[in-house]
Structure formats: C-alpha cells, structure tokens
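[1] what follows is a predicted structure for the sequence shown.
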2 protein chains.
Amino acid sequence: MDKKIAAAQELALVHGDPSQVTLPALMDLAVDAMYVDFRKLLEETPYTDVRPTHGCVFRFVHGEGMRLTELATKAGLTKQSVGEIVDELTGLGYIERLPDPTDKRAKLIRLTAKGLDAQRIGFALFDQLEKEWAEAFGADRIAALRATLEDIALAKSPDAVPELIHPEPAPVA
Amino acid sequence: MDKKIAAAQELALVHGDPSQVTLPALMDLAVDAMYVDFRKLLEETPYTDVRPTHGCVFRFVHGEGMRLTELATKAGLTKQSVGEIVDELTGLGYIERLPDPTDKRAKLIRLTAKGLDAQRIGFALFDQLEKEWAEAFGADRIAALRATLEDIALAKSPDAVPELIHPEPAPVA
DNA sequence: GCGACCTTATCAGGCAACCTGACTATGCGT
DNA sequence: ACGCATAGTCAGGTTGCCTGATAAGGTCGC
C-alpha cells in the first residue's frame, strides 16, 4: 500500500499530466450526453412526467412485482429514498402497491399497464440511442465499449447488474 | 428453437430489452467505482480535505490563473456554484485569488504551491487507476475505451474537453 | 403460545450540490 | 457621457439523496 502511494507520488513528480482528460470525466460526459438525448426522445412520448430519478424503479421492477426493500437494495439506495420515488410514481399512475399476500407488513410494487408501456418504451429508446452511437462511432467500437464496461461492472459492483448475472428467463413465445 | 430465440430477439428490438443493462447505467457504475478507488487513494495523501466537488477546479485551473467566469463555463456550472467551491478551496489553502491587473472587476484564481502539488498528485492517481484497469481488463481494451469515449466527448460536448482540443502549451524548457 | 428479536415500511428532519434572481462595481462602445 | 455588457457576490430555493426513530407484522426458542 505504501509502495503504491510512493510509486504514485514519484509518478506525480515526473508528470502531473493535466493535458489528459480523466477517464471518469470522459464517462461522465458520455453519460450526460446520452441522458440528454434520452430526455429529448422521451419528450416525444406520452411519458413526459417521468423524471430521471424514477429510472431506478423502471430499471428493476418487473412482472410480478417486488418489495420496496428488494428494490432499494438493487438500486443501491435507502428504502426511504426509493419509497419517496415510488410514492411519486404511484401518484402519476405508473405503479401500484398491492398488499403482499404472504406477508402483511410488505407491499408489492408493480407496474400498471401504463407503467409497463413506459418501461418498454424507455428501454427501446436507450436501445435506439445505442444504435445511433454505433452508427456514429462504429458498431464494433460501441460493442467493445459495452463489453468492456460490462466486465468492469461485473468486477466492481456485481450486485448492481443483476441482468448480467441472472440472464432473462426465456420469454414466452 | 432457433426460431423462438430469433423471435425473442426481434421482440427485444421492437419493444426494448430489459435484460440488457443500459449503457449509461454501466458507465455510471464504472465512474462510481473509479471515484471510490480514487477517494481511497487520496486518503493516503496529505490532501484528505479535498472533496469530490472540488474536482472541477483542480481539473481546469492551470498555471497563470483563470477567471471565475471562464472556470464556470468550462466546468459547465454557474458562477455562483463555482464561486462557493473556490471560497472553500481558498479557505483550505489550495487556491488564492489575485486581482486581475487587466480588469479591476475580475480576480484571477490560481493554485497555491499546495494546490499545485495536490493537482499533480490527483492526476497521477487517476493515471495509476487507469493503469490498474489496463492490467485487470486488458491494456488494449482500456485504450480503446478511452479512445471511443474521447470521440464521443468531442462530438457531444467539445467545450467540456478543452484538453483534447488545445493540446497543452509546451512547458517552458 | 409467548416474549425477544428481526424485518417491512414509513414519518421526520437534515445536508450537499447544485440552481435562479437580484445586486454592485467596473469596463467599453458610440 | 450615457447606456449597456460583464465580473463577481448575496440571498434564497430545489432536488436527490441521507440518518434516526417508530409502528406493525413476522419468526424462533423454549
């Protein structure tokens, strides 16, 4: 550990290199750019009242419904935070809370028909944006970008990408 | 069977595929992972009182000093926000504000000796982390990641990456 | 079958990192 | 020299999270 730091400091003495943009800075810019484009596309759908914060719900809630605690864990947020977001989405008609038949303390959070449609469209928009990036910057390069990022995500925070670990149950034909 | 799979994939194309993690979600995870590691390394330096928000200053302020307005523009924040950050860094001894000799309204924001050292070390730490990623995930893949992200940044928000446009003025020899 | 303990969700309050709007001092074009 | 633009600051607000405390409901040992 000390060795690592010593090495870093020595390196710093040799070149503190402000001419190179930092990797996370570049990723932040890319993320922001895509979210901006996403918001723009979303404005053309009936779902203009969905805000960026709501994403953590649409990303993880599926089919049969899910408990607040589980959702919060997957999203990496506190139950309170997610609870507030869910309240809001309930008010907007995207979500309904049903009593969990197996546990009277719990409620199941489930997408309404409207919520399901919004989710479907949201995923499709991200898909479309990725294809636009593929056209603009090279399909192979964007595929490589995704593959590398998936490796990094799996290595660094596997819990945050359940989609990559539990591959989708085959959809009913 | 193949037919079923093909149908499922087509469905995914049309309707959006919730089994795929969104590209910005992956990048967010990668960014967070790197910032977490960065903070950890920073804890081993003398500069533990530098907070994540301060980054926008260290990233852009160089040599001769810079005006608040210019800094705010590059950082993509308001003058007020950056002003507060600069106040804080001044209190911590990383920055000094000098009157601009060419304009009595303006002040030049410049790194102190301490600030310069912190900046140098900060850049070196990011450099080191990128090298660690190169070892863990493949040097070629991380290089490709950076190259692709630089292209995206240049295309989507060129103003935010002045480093890539005005290559560093050669240091005085 | 009952008390100790663990969950589930919620209420209340707080804080960091931004923002908008209004203002002063200074500079600049005609 | 007058009107407008620009540099920075002061005041106040919003958003997206957080921690702490609490009520209602489950679970397990004995």
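    Received it, and whenever you're ready, just let me know what you need.
[2] counting neighbours, what do you get for the residue in chain A that DNA strand D sits nearest to?
    At 3.0 Å from DNA strand D, A:K104 is the closest residue in chain A, using C-beta to the nearest atom of the strand. C-beta: built from backbone N, CA, C; applies to glycine. A:K104 sits with 8 neighbouring residues when counted by other C-beta atoms under 10 Å in any protein chain shown.
[3] checking my notes, it in a helix, right?
    No - under DSSP: H, G, I helix; E, B strand; the rest coil, A:K104 sits outside any helix and is assigned coil.
[4] quick check on it: phi, psi?
    The phi and psi values for A:K104, taken as degrees, to the nearest 10, are phi -70, psi -10.
[5] check it and give its pLDDT.
    pLDDT, A:K104: 94.
[6] and A:L98, how far is that from A:I109?
    Remark: distance between A:L98 and A:I109 (C-beta to C-beta, to the nearest Å) = 8 Å.
[7] what's the helix or strand that contains A:L116 packed up against?
    If you go by DSSP states H and E, A:L116 is part of helix A:113-137. Judged by 3 or more C-beta pairs under 8 Å, 6 or more residues apart in numbering or on different chains; DSSP states H and E, the packing partners of helix A:113-137 are helix A:23-42, helix A:55-60, helix A:139-156, helix B:2-15, helix B:23-42, helix B:139-156.
[8] quick one: closest of those to B:G93.
    helix B:23-42 (16.4 Å; C-beta to C-beta).
[9] pLDDT of the closest one, averaged?
    The model assigns helix B:23-42 a mean pLDDT of 96.
[10] is any part of it close to chain A?
    Yes - contact of helix B:23-42 with chain A (C-beta under 8 Å from any C-beta of the partner chain) involves B:23-35, B:38, B:41.
[11] where's A:K79 relative to A:R51, distance?
    20 Å.
[12] can you check what angle separates the helix holding A:L116 from helix A:139-156?
    120 degrees (axes from the mean of the first three to the mean of the last three C-alpha atoms, to 10 degrees).
[13] list the buried residues for helix A:113-137?
    A:115-127, A:129-130, A:133-134, A:137 (16 or more other C-beta atoms under 10 Å in any protein chain shown).
[14] good, we can wrap up now.
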